[in-house]
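> predicted model, plus sequence, below.
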Amino acid sequence: MSRLPEESQAAAGLLVTDFDFHLPAELIAQQPPAERGLSRMLVVNRQTGALRDSTFAALPSLLGPGDLLVLNDSRVIPARLYAKRTVVRDRQEPSGQIEVLLTEPVAPQMLGAPGLASETRESNVLNRPAGQPTTAGCPILATSSVARVGNPDPQPANENCWRALVKPGKKVGIGERLAFPSSSGAIELEAEVLERGEFGERLLRFEPVDDFFGILERIGHMPLPPYIRRNDADADRERYQTVYSHDRGSVAAPTAGLHFTPQILDAIAQRGVEVARVTLHVGLGTFAPLRVDRVDEVHLHRERYTLSAETAQAINRAKAEGRRIVAVGTTVVRTLEHCAQQAKGSPLQGHTGVTEIFISPGFEFRLVGGLLTNFHLPKSSLLMLVAAFAGRERVLAAYNHAVEEQYRFFSYGDCMFLG
């Protein structure tokens with residue numbers, strides 16, 4: 001286990017505002033680098049706090065034989081859609097464009113997950129076969145790829161039902177039907193609002209179609225974060241994905257991986273570094289503002305992950321042999337440390353599940369010994385995770401240095417390596 005001496009106490013006395021820093025708006029990257037892999041990289045010694053300005057191309061030199069580098073291979077789906085309001089409880093309503101951002105599919109593992117303040121009505125539980133269980137009117141599939149232990153290709157258990165953010169959402173109530181047209185005007189998808197929650201949250205049930213994700217690819221937009229103040233472009237379809245993305249399901253990119261190129265991955269392998277993959281489907285809750293004052297009051301969303309048997313074995317070997325495990329991104333940290341907690345000291349086993357782990361100062365790291373990560377938002381849970389790994393004061397000092405040196409911040413920005 002790894003815990004820094006000055007972080008040995010729990011976060012009971014820390015406030016969310018203790019993780020604030022000044023960030024000039026012009027440092028928030030609005031575009032990716034001209035070429036993938038050309039980002040700057042701040043190297044941080046997590047024991048001493050020493051800083052060194054470098055570039056991402058130097059990452060292979062920071063890794064060596066025996067290191068185990070773990071990637072998140074989740075693939076971003078075009079989760080931002082535009083809909084028209086059609087019928088509200090059998091009344092015709094004036095049409096108007098509604099922005100709908102899918103945030104997570106409703107799957108068996110998500111039952112009881114925090115999120116919507118349910119106002120579900122019995123009349124909304126429609127058209128299900130007799131005896132089939134439901135969640136808010138969404139059938140639970142009897143056999144689910146998400147539920148299979150060790151499944152290498154996790155897909156949503158029920159692609160018809162999604163939690164979503166709706167904007168503007170005040171007038172979109174339970175029972176409404178939304179129509180999603182293509183650029184030609186043809187209706188490609190239809191959905192009913194089943195539940196209504198705070199901050200524009202809704203639960204939608206889509207009418208079944210033959211190829212839901214194929215339609216998303218045609219009519220959907222890449223879900224660029226709100227701090228990127230532009231519409232998505234065709235280039236974002238490729239640049240807002242990692243080069244090793246595979247299993248679709250994220251509605252935000254695991255951004256630490258955006259820097260990698262096939263050439264850099266080859267250079268890492270040539271140094272004798274072992275590479276393994278996990279899959280954690282990133283939800284927008286990762287980036288949602290924390291609406292509490294105290295760190296010990298933070299409760300995070302759930303996210304779906306898969307740890308394959310092969311990766312579990314690689315991690316078990318590395319840990320048994322005392323080799324360093326380096327996580328590419330906070331999503332990998334959350335996955336690995338959640339799995340380690342669940343294992344309670346036993347060897348990891350391949351499985352699929354959900355995690356809502358919150359990592360903040362005082363956390364005992366059981367597996368991760370190195371971290372590549374982008375720069376995160378002030379007062380965010382991701383910044384707290386990094387502070388738990390390297391110390392709050394050291395991380396904030398590194399962030400202040402990055403601001404002074406004009407590093408680019410957030411999803412399309414530069415990165416830092418903490419080892």
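Here it is on my side, so go on. Values in this document were obtained by computation on a predicted structure and should not be read as measured data.

> residues near the residue nearest to residue 80 when sequence neighbours are not counted, how many?
Among residues not flanking residue 80 along the chain, residue 221 sits closest, at 4.1 Å (C-beta to C-beta, 6 or more residues apart in numbering). C-betas here are computed from N, CA, C, even on glycine. Residues lying near residue 221 (other C-beta atoms under 10 Å) number 18.

> can you pull the contacts of residue 221?
If you count contacts by C-beta atoms under 8 Å, 6 or more residues apart in numbering, residue 221 has them with 78, 80, 81, 82, 231, 232.

> residue 98 too?
82, 83, 84, 85, 166, 167, 168, 172, 178.

> quick check: the fifth one is in a helix.
So the one you mean is residue 166. No: according to DSSP: H, G, I helix; E, B strand; the rest coil, residue 166 belongs to no helix; its state is strand.

> per-residue pLDDT, it?
Looking at residue 166, its pLDDT stands at 95.

> what does the fourth one give?
Predicted confidence (pLDDT) for residue 85: 90.

> pairing partners for it in the sheet, please.
residue 178 (DSSP bridges).

> walk me through the domains of this structure.
The record's domain parsing of the chain by automatic domain parsing lists 5-76+235-418, 80-219.

> what's the first-to-last distance across the shortest one?
Pointing back at domain 80-219 there. One end of domain 80-219 to the other measures 9 Å (C-alpha to C-alpha, to the nearest Å).

> give me whichever of the domains of the chain is most buried.
Compared across the domains of the chain, domain 5-76+235-418 shows the largest average neighbour count, a mean of 19 (mean count of other C-beta atoms under 10 Å).

> what number of residues lie near residue 228?
That count, for residue 228 with other C-beta under 10 Å as the rule, works out to 17.

> for the closest residue to it other than its chain neighbours, which three-state class applies?
Of all residues not flanking residue 228 in the chain, residue 30 sits nearest, at 5.7 Å (C-beta to C-beta, 6+ apart). Of the three states, residue 30 takes coil under three-state DSSP.

> show me the strands in the stretch 151-300 of the chain, by range?
For the stretch 151-300 of the chain, the strands defined by DSSP state E, counting those that start in this stretch cover 161-167, 176-181, 187-196, 201-206, 247-250, 274-280.

> can you put the ones you listed in a markdown table and add distance to residue 408?
Formatted as a markdown table, those follow (distance: least, C-beta to C-beta, whole Å):
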| stretch | distance to residue 408 |
| --- | --- |
| strand 161-167 | 26 |
| strand 176-181 | 34 |
| strand 187-196 | 36 |
| strand 201-206 | 31 |
| strand 247-250 | 22 |
| strand 274-280 | 24 |
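
> just the C-alpha atoms of stretch 323-331, please, in CSV.
The C-alpha trace of stretch 323-331 is given here as CSV (Å, rounded to 0.1, in the frame of the first residue of the first chain):
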residue,chain,number,x,y,z
ARG,A,323,7.2,-4.0,-10.3
ARG,A,324,5.7,-0.5,-10.8
ILE,A,325,2.2,-0.2,-12.2
VAL,A,326,1.7,3.0,-14.1
ALA,A,327,-1.9,4.2,-14.8
VAL,A,328,-2.7,6.2,-17.9
GLY,A,329,-5.4,8.5,-16.6
THR,A,330,-7.6,8.8,-13.5
THR,A,331,-10.1,6.3,-15.0
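
> name the surrounding residues that touch that stretch.
So stretch 323-331 is contacted by 63, 66-72, 74, 254-257, 260, 280, 282, 286, 303, 315, 317-319, 333, 336, 367-374, 376, 382, 385-386, 419 (C-beta under 8 Å, 6+ apart).

> 6 Å instead?
With contact meaning C-beta atoms under 6 Å, 6 or more residues apart in numbering, stretch 323-331 is reached by 66-72, 254, 256-257, 280, 282, 318, 333, 367-373, 382, 385.

> can you check stretch 46-55 too?
Outside stretch 46-55, the residues within contact range by C-beta under 6 Å, 6+ apart are 40, 41, 43, 44, 390, 394, 398, 401, 418.

> bridged to the closest residue to the fourth one other than its chain neighbours, which residues?
Same thing as residue 44. Leaving aside its chain neighbours, residue 44 sits nearest to residue 418 (4.7 Å; criterion: C-beta to C-beta, 6+ apart). Residues in a beta bridge with residue 418, per DSSP bridges, are residue 44, residue 371.

> dump the residue contacts of residue 418.
Residue 418 is in contact with 44, 46, 371, 390, counting by C-beta under 6 Å, 6+ apart.

> then residue 402?
Contacts for residue 402 (C-beta under 6 Å, 6+ apart) come out as residue 42.

> any idea how far it lies from residue 257?
When distance is defined by C-beta to C-beta, to the nearest Å, residue 402 is 19 Å away from residue 257.
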